[in-house]
Structures are given as C-alpha cells and as structure tokens.
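Enquirer: Have a look; sequence and predicted model below, questions after that.
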Amino acid sequence: MRLILLGPPGAGKGTQAARLAAKFTIPQLSTGDMLRAAVKAGSPVGMKAKAVMDSGGLVSDEIVVGIIADRIREADAKNGFILDGFPRTVAQARALDELLAAMRMQLDAIVELKVDEKALLGRIEKRAAETLAAGGAVRADDNPASFKVRLDAYRELTAPVSAYYAGRGTLKTVDGMLAIDAVSSAMDAQLKAEPAAFGAAK
Ligand code: AMP
C-alpha cells in the first residue's frame, strides 16, 4: 500500500497516518518529523530548514524531495509507505511521480482530509496544550503567528496538489471533522473502495 495523505495543518494527517501505518505494517513517512529530527541533530539540512520551519514557511522542494528520495529507497519502505506532509507543492508531486516511475512503483491511493479551516487553529492550540501537559516540548511552529503562515502556504502551494491528483481522477476525500475513530473508518471505506493501483500522470 502506497498512500498519500493530504490536508491542511491540523487536519489530523499525522494521527491517521500513524493508525494506517500500524494497520498495514508500513512506515509513516512524515517530512515534518524528518525535518524536525534533522533540526534536532543539527545536520546541514536541519540548519538550513530551522528558521523557515519555525516561521511556518515551506522548506525548499530540493531539500524535501532529496529526503523522500532517500527514505523511500530504504528497506522498510519496500512494501509500501504512507506519505504524511509530502508532497506539499505541485513540483514535489511531479518529482514524486518521477521517483516512483524510476523505481517502477505506483501509488495506491491519495486521500484528502477535508476540514473546516475555522477549526484548525483551535486544534493546533489543543495539540500544543496536550503536549505541554504531557511534559513534552511544544513545536516551535504551533503558535498563532506561524500557524497563519502555514495556512497561507497551504492555500497557495498545497491546495493545488489536491487539484493535481483530482485532475487524474485519483483523489479520495474524507470528512476530517468527524471524531478520530470515525475518520479512520471513513478512510478504511475509501481505501477498500478502490484497491486498484494507478500509474503516474503522463
Ligand atoms: P508538518 O509536521 O507536516 O506540519 O511540517 C512542519 C514544517 O516542516 C512545515 O511547516 C514546513 O516548514 C516543513 N515541511 C514539512 N514537510 C514539507 C514539505 N513537503 N515541503 C516543504 N516543507 C515541509
């Protein structure tokens, strides 16, 4: 199963991707998590990415495509993966098509979580409060100012990715405003509805 989860920040992609990863025993590939790990490790990629991530902007296509190109070649991704937070631009989606074509792989599904934008900031603030209560470190970009930049980046650069896949007739949508379990059920139903793989755009 090779799957892409799309949706704005705070839509619940990470939560659903983790559930699907456990269900299908395949890795959840979150470029956000990988970038945060690079920042923490102080690697050259992390040092380049930190300021733009903290402000809520997008890291360059070159950096994230490089990260994904390396990651999907690792052994644990051989039988599938769930992309969470990638692709976030049409250029990234095109680069992914090329990568997969070169590896003779196909995507099985692209699912977009649809959410009411008015609910998103509240969700992000809730996540920050829960992390804090659990003694964890709140993400540097989980604050209203960075969130606004993230939402703007989503509207301008990532929403067209949905259109890119929809234009190929390969986009499924799920109501992300439902309770977490109900979203998972809706997602299962969507994934069962179309088991056939499809190829990259010509
Ligand atoms: P996320 O954890 O998915 O919300 O990502 C956190 C931050 O990492 C984003 O706001 C971006 O700065 C950066 N990031 C993650 N994935 C990508 C991507 N595919 N393209 C560009 N920047 C990304």
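Expert: Here it is on my side, so go on. Numbers count the residues shown, from 1 in each chain.
Enquirer: L29 contacts L96, doesn't it?
Expert: No. In this structure L29 lies outside contact range of L96 using Cβ atoms under 8 Å: 11.1 Å. Yep, even glycine has a C-beta here, placed from its N, CA and C like the rest.
Enquirer: quick one: common contacting residues for these two?
Expert: I68, L83, F86 (Cβ atoms under 8 Å, 6 or more residues apart in numbering).
Enquirer: Need the three-state assignment for the last one.
Expert: On the three-state scheme (DSSP: H, G, I helix; E, B strand; the rest coil), F86 is labelled coil.
Enquirer: where does it fall, phi/psi-wise?
Expert: Per-residue torsions, F86: phi -150, psi 140 (degrees, to the nearest 10).
Enquirer: wait, what's in contact with it?
Expert: Going by Cβ under 8 Å, 6+ apart, the list of residues near F86 reads I4, L29, S30, T31, V64, I68, Q92, L96.
Enquirer: out of the shared contacts of L29 and L96, who's near the ligand?
Expert: Among the shared contacts of L29 and L96, the residues within reach of the ligand (Cβ under 6 Å from any ligand atom) are F86.
Enquirer: which of the shared contacts of L29 and L96 lies closest to the ligand?
Expert: Proximity of these to the ligand (Cβ to the nearest ligand atom) peaks at F86, which lies at 4.0 Å.
Enquirer: Look at that closest one and report its pLDDT.
Expert: Looking at F86, its pLDDT is 98.
Enquirer: do the one 3 residues further on as well
Expert: Reading off the per-residue confidence, T89 sits at a pLDDT of 98.
Enquirer: What of T31?
Expert: So, for T31, pLDDT stands at 97.
Enquirer: Pull out the buried residues from stretch 116-124.
Expert: For stretch 116-124, the neighbour count (16 or more other Cβ atoms under 10 Å) marks L120, L121, R123, I124 as buried.
Enquirer: The third one reaches K13, doesn't it?
Expert: No. With contacts counted by Cβ under 8 Å, R123 stays clear of K13, the gap being 11.5 Å.
Enquirer: ok now do the residue positioned nearest the centre of the chain, which residues does it touch?
Expert: For the chain, the residue nearest the mean C-alpha position is G85 (1.9 Å; Cα atoms, centre = their mean). G85 sits next to K13, G14, S30, T31, G32 when contact means Cβ under 8 Å, 6+ apart.
Enquirer: Could you report the neighbour count for the residue in the chain that the ligand sits nearest to?
Expert: The minimum distance from the chain to the ligand, using Cβ to the nearest ligand atom, falls at G32 (1.9 Å). G32 has 19 neighbours, counted by other Cβ atoms under 10 Å.
Enquirer: and what of L132?
Expert: Using other Cβ under 10 Å, the number of residues around L132 comes to 12.
Enquirer: Give me the mean pLDDT for the helix or strand hosting it.
Expert: Using DSSP states H and E, L132 maps to helix 117-133. The pLDDT scores in helix 117-133 average 90.
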